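Q: just the structure for this:
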Amino acid sequence: MPTSLPWHQIDTVLLDMDGTLIDLHFDSHLWQTLVPARYAERHNLTPDEAKRRIDAHYEAVAGTLNWYCVDYWSQTLSLDIREMKQEILGKIQWRPNVIPFLAALKAAGKRRVLFTNAHPASLAVKIEQLGLDEHLDEIVSSHELGWSKESQASWQALAKRVPFDPARTLFVDDSERILVASADYGIAHQLGIHQPDSAMPPLQFQRFPALKDYAELLPLIA
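A: Numbers count the residues shown, from 1 in each chain. Prediction:
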C-alpha cells in the first residue's frame, strides 16, 4: 500500500483517465477485440491476419497523438470507431472507490486535474456515461496541447494551461512510461495502477509504487 505519500506536501493531483479512473476493459475490448473483428469482416481477412495488420498499425504510431486519435483510426482502418464505441457503452465503468477518492481529495483541498491522452471524442463519451466532469476541477486532453503525455512538450504546455507546482504535485497513471515522463519533467510524486483492466492480469511497476484500490488511500488523505 502506498502509505508514503506526503499528502501535506501535495496541492495538485493529476489523474489519467482510462485504466486509472475508469476500467480499461472498455478500451481493451474495443481495440483488441471489436476493431480487429470488424476489420477482418470489412477486408475479408482471417482473424489472425486482421490482428497482425492491426497490431502493425498500432505499433507504427505507439506513443504519439495518432495512437489515441479516433479520427486517425477511423480513416486508417476505414471503420466508424465512434459508432463502434456506442455499441459497447455498458463496458464503461468506474474503477472501485474512485468517487470516494475524488471526494476525499476535494474535502482535503486538493486540486483534481484530469490529464488524459484520450481523444476529445472519447473523452466526451466517458463524460456523458459517467458524469466524469462533476468530480474534477479541470479536464485537459493532450490533443488540445498538441503532444501526447509521453512528450516533455506536453507537460510544458500543460503547466501553461493549468499552472501547478511540480514539487507539490502527485500524478496517477497506469503507464510506467508516462509516469517516467512526468518524473523527468519534475513532478515529485508518482503512483501507478496495479490492474488497469479488470479482465487482465496485474501490471508490474519497476520504478513507482502501484495502487490496487483507491480505498487504500482514503484514510491517509489530509
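
Q: CA atoms for contacts and neighbours, from now on please.
A: OK.

Q: all helices for the chain, in order.
A: 25-29, 35-43, 47-61, 70-77, 81-87, 98-107, 120-130, 142-145, 152-161, 176-185 (DSSP state H).

Q: distance of the spatially closest residue to Arg38 that is not a sequence neighbour from Ile178?
A: Nearest residue to Arg38 in three dimensions, chain neighbours excluded: Leu79, at 7.7 Å (CA to CA, 6 or more residues apart in numbering). Distance, Leu79 to Ile178, by CA to CA, to the nearest Å: 28 Å.

Q: more neighbours: the two, which one.
A: The neighbour count for Leu79 versus Ile178, taken as other CA atoms under 10 Å, is higher for Ile178 (21 against 16).

Q: you'd agree that one is up against Lys149?
A: Yes. Using CA atoms under 8 Å, Ile178 is in contact with Lys149, at 6.3 Å.

Q: Met17 contacts Val113, correct?
A: No. The pair Met17 / Val113 is not scored as a contact, 10.3 Å apart, by CA under 8 Å.

Q: what about the two, which has more around it?
A: Under the criterion of other CA under 10 Å, the comparison of Met17 against Val113 puts Met17 first, with 24 against 19.

Q: now do the contacts for the more buried one.
A: 114-116, 118, 173 (CA atoms under 8 Å, 6 or more residues apart in numbering).

Q: which one of the helices of the chain lies closest to Trp7?
A: helix 98-107 (9.9 Å; CA to CA).
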